[in-house]
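**Student:** predicted coordinates and the sequence they were generated for:
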Amino acid sequence: MKIIRYILIILLFSVLQLEANAQDSLAVNKTGLTKRQKWIIAGIAAQQAASFYIEYKWWWEDNYHPFVVKNDGGFDNYSLGIDKVGHFYTSYMYSNLLYELMKWGEFSENTSEWVSVTLPFIWALSIELGDGFSKFAFNPDDLLANSIGIAYAFAQRKVPVLNNFKVKFSYYPSQYYRDRNMAGWSLTSDYDGHIYWVTMDVNGLLPKAAKPYWPKYLNLAAGYGIQNFRPEDPPNTPGPALIREFHIGLDYNLSAIPAKKPGWQAIRNMVDYYHFPAPGFSKKGDESWKFKPLLLN
């Protein structure tokens with residue numbers, strides 16, 4: 001099938017790109033790649049292959065169509081834009097995780113930056129091109145959201161003050177799937193269970209004299225989600241209207257936890273892209289704000 005051949009070409013290009021940029025580290029390390037660096041390259045190649053395979057099985061298998069380009073309405077689309085925020089977050093997180101991994105592997109700064117920008121973009125582009133040959137269609141807005149996520153991750157590494165504003169994700173299975181005993185469930189379709197957060201490191205923004213008055217392990221956060229999304233129902237099925245939901249609450253600043261070893265630092269920073277349940281207020285549609293001791297969805 002054409003999609004399979006296309007995926008293999010993209011995967012090969014991704015691995016070759018990673019290998020080529022590893023030569024920058026070899027210029028510094030004349031003894032060659034370390035065992036850790038070799039494992040990282042192999043791991044990234046395996047992750048890319050697994051991602052493409054899963055995407056093929058979930059979305060593209062037996063679903064080939066001539067290439068189609070289509071915009072779906074941005075933040076007024078079928079999911080009220082939660083899919084666009086998801087595209088932003090996925091590429092943002094992937095870029096930062098790759099950077100953390102490359103730095104832990106002691107690759108050079110140039111190689112770490114190149115890989116953390118190039119591979120996420122190739123991955124996002126490959127998904128959209130694959131979608132273009134399926135019923136989903138190539139969506140320029142999706143690719144734009146991915147690109148902005150990568151750009152913000154890069155900007156955070158270059159402009160330190162931006163690190164006080166991190167994007168996080170939280171998830172709890174929606175009532176829709178719980179009522180069906182999770183039949184047909186997939187994380188990428190259960191939009192009701194998604195919340196995307198912008199967290200603010202208050203302590204990091206305060207002047208030095210004021211820092212003792214705010215705990216460094218506690219952030220403020222604002223979140224966005226939706227309610228009443230029914231992925232398995234046919235179009236125009238009667239039911240509650242799709243609505244937006246907003247959240248304001250606390251967030252745990254895991255990045256402030258001391259970690260001396262680079263490996264533990266990388267793990268800590270990776271886990272900190274998830275927003276754990278914390279007290280806050282939620283507002284759904286036209287309803288008033290409601291306090292929740294632990295915000296799930």
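**Tutor:** The structure has been received and is ready for your questions. Numbers count the residues shown, from 1 in each chain.
**Student:** in the stretch 151-297 of the chain, where is pLDDT below threshold?
**Tutor:** 233-236 (pLDDT under 70).
**Student:** can you rerun that using 50?
**Tutor:** For the stretch 151-297 of the chain, applying pLDDT under 50 flags no range at all.
**Student:** where along it do the helices fall?
**Tutor:** For the stretch 151-297 of the chain, applying DSSP state H, counting those that start in this stretch gives helices covering 175-178, 202-205, 262-271.
**Student:** closest one to Phe281 among those helices?
**Tutor:** Across these, Phe281 has its closest neighbour in helix 202-205 (17.1 Å, C-beta to C-beta). For every residue, glycine as well, the C-beta is placed using N, CA and C.
**Student:** output the closest one in CSV with nothing but the alpha carbons.
**Tutor:** C-alpha atoms of helix 202-205 as CSV (Å, rounded to 0.1, in the frame of the first residue of the first chain):
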residue,chain,number,x,y,z
VAL,A,202,4.6,32.2,40.7
ASN,A,203,7.8,31.8,42.8
GLY,A,204,10.0,31.9,39.7
LEU,A,205,8.4,35.2,38.7
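**Student:** how about the strands in the stretch 101-250 of the chain?
**Tutor:** Assigned by DSSP state E, counting those that start in this stretch, the stretch 101-250 of the chain shows strands spanning 165-171, 194-200, 218-227, 243-252.
**Student:** about what we covered before: could I get the helices of the stretch 151-297 of the chain as a markdown table with mean neighbour count?
**Tutor:** As requested, those are arranged in a markdown table below (neighbours: other C-beta atoms under 10 Å):
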| stretch | mean neighbour count |
| --- | --- |
| helix 175-178 | 16 |
| helix 202-205 | 17 |
| helix 262-271 | 15 |
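**Student:** to Leu98, which of the ones you listed lies closest?
**Tutor:** The minimum distance between Leu98 and the helices of the stretch 151-297 of the chain falls on helix 262-271, with 10.5 Å, by C-beta to C-beta.
**Student:** who touches the closest one?
**Tutor:** Applying C-beta atoms under 8 Å, 6 or more residues apart in numbering, the contact partners of helix 262-271 are 96-97, 100-101, 103-104, 254-255, 257, 259.
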